[in-house]
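**Student:** could you work out the structure for the sequence below:
(2 chains)
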2 protein chains.
Amino acid sequence: MDAFLAAAIEQAQKGLNEGGIPIGSVLVHQGNIIGAGHNRRVQQGSSILHGEMDALENAGRHPARVYKESVLYTTLSPCAMCSGAILLYGIPKVIIGENQTFMGEETLLRSRGVELEVVQDPTCVQLMQDFIRQHPELWNEDIGE
Amino acid sequence: MDAFLAAAIEQAQKGLNEGGIPIGSVLVHQGNIIGAGHNRRVQQGSSILHGEMDALENAGRHPARVYKESVLYTTLSPCAMCSGAILLYGIPKVIIGENQTFMGEETLLRSRGVELEVVQDPTCVQLMQDFIRQHPELWNEDIGE
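**Tutor:** Numbers count the residues shown, from 1 in each chain, chains lettered A, B, ... in the order given. Prediction:
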């Protein structure tokens, strides 16, 4: 498996071990991970720290150029908020672990020229399927449903 | 002036006094402010704490119902990230201080059924005009340009 997707999955599993929602993400700039993160709704009582947002936040402040040379890896199809962050910073490419358990704003992202690659990785699918079955209320809260 | 827009402007001025980007926001649920915030890029080295995101974060975790009964006030037209957060949580109405210095994703929001009201408040415009003139590089970083 792609080492960066593996790093995103590692983040998702870290989140699960903390009692959180198992979604992870890494921001990769020219072959180096500059930010790694996972969903922290449960751990920090956060409504904005989805996996992708946490990875962006942990990457710190960067000029626009850096984002435009980066690839974002995420274990799950990005929701409207995370897709908006991708558009704000002009991240040109997103590798998505899976979109079977949740379909995010892929149509919007593609319409704005973002390149998407959906892996349908079985580990990513299993992590979400198990979590949604066990904590449907937490999952609904996370996606505003 | 609307007391909630005034509260958002107070947040923007607080941010300015802290050396930050003067954009503020409040989330109002059934007539009560449940979250207030301002841009914290400078103060916390944050790439995701725009004013609206900070207000959402400070509001804490809520079930979907609460967001769907809320109005978001922001001193500046919401960027793609903040607009995405509005869509994720299904916030039905956004009151925008101004969109003269920056035009956010208003077309996208309206196309998804979000009601927008643009006030063109002179204080909001002045805060941003002064800041952009004095710190163009910070402003460009904040909007990914």
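
**Student:** so for stretch A:18-36, mean pLDDT?
**Tutor:** For stretch A:18-36, mean pLDDT is 98.

**Student:** would you mark the buried spots in that stretch?
**Tutor:** A:20-29, A:33-36 (16 or more other C-beta atoms under 10 Å in any protein chain shown). C-beta: built from backbone N, CA, C; applies to glycine.

**Student:** go through those and name the one nearest residue A:108.
**Tutor:** Distance to residue A:108, by C-beta to C-beta, is smallest for residue A:25 among the buried residues of stretch A:18-36, at 18.1 Å.

**Student:** helix or strand next in line after the helix or strand where that closest one lies, which one?
**Tutor:** Per DSSP states H and E: residue A:25 is located in strand A:24-29. Next helix or strand after strand A:24-29 toward the C-terminus (DSSP H and E): strand A:32-38.

**Student:** what's that following strand packed up against?
**Tutor:** Where contact means 3 or more C-beta pairs under 8 Å, 6 or more residues apart in numbering or on different chains; DSSP states H and E, strand A:32-38 is packed against helix A:3-17, strand A:24-29, helix A:51-59.

**Student:** which of the ones you listed sits closest to chain B?
**Tutor:** Among the helices and strands packed on strand A:32-38, helix A:51-59 comes nearest to chain B, with 4.9 Å by C-beta to the nearest C-beta.

**Student:** list the helices and strands that closest one packs on?
**Tutor:** Helix A:51-59 sits against helix A:3-17, strand A:24-29, strand A:32-38, strand A:70-74, helix A:80-89, with contacts defined as 3+ C-beta pairs under 8 Å, 6+ apart.

**Student:** ok, residues contacting it?
**Tutor:** Helix A:51-59 has contacts (C-beta atoms under 8 Å, 6 or more residues apart in numbering or on different chains) with A:8, A:11-12, A:15, A:23-27, A:34-40, A:49, A:72, A:74-76, A:78, A:81-82, A:85-86, A:89, B:46-48.

**Student:** can you list contacts of the next helix or strand after it?
**Tutor:** For helix A:51-59, the succeeding helix or strand toward the C-terminus, using DSSP H and E, is helix A:64-68. For helix A:64-68, the surrounding residues in contact (C-beta under 8 Å, 6+ apart) are A:29, A:34, A:89-92, B:140-141, B:144-145.

**Student:** contacts only, for the residue in chain A that chain B sits nearest to.
**Tutor:** Going by C-beta to the nearest C-beta, chain B is nearest to residue A:84 of chain A, at 2.3 Å. Contacts for residue A:84 were tallied using C-beta under 8 Å, 6+ apart; they are A:105, B:79-85, B:87, B:105.

**Student:** what residues are up against the nearest residue to residue A:78 once chain neighbours are set aside?
**Tutor:** In this structure, residue A:78 finds its nearest non-sequential neighbour in residue A:104, 4.5 Å apart by C-beta to C-beta, 6 or more residues apart in numbering or on different chains. For residue A:104, the contact set (C-beta under 8 Å, 6+ apart) comprises A:76-80, A:82-83.

**Student:** identify the farthest-apart pair in the residues you listed.
**Tutor:** Of all pairs in the contacts of residue A:104, the most separated under C-beta to C-beta is A:76 and A:80 at 13.2 Å.
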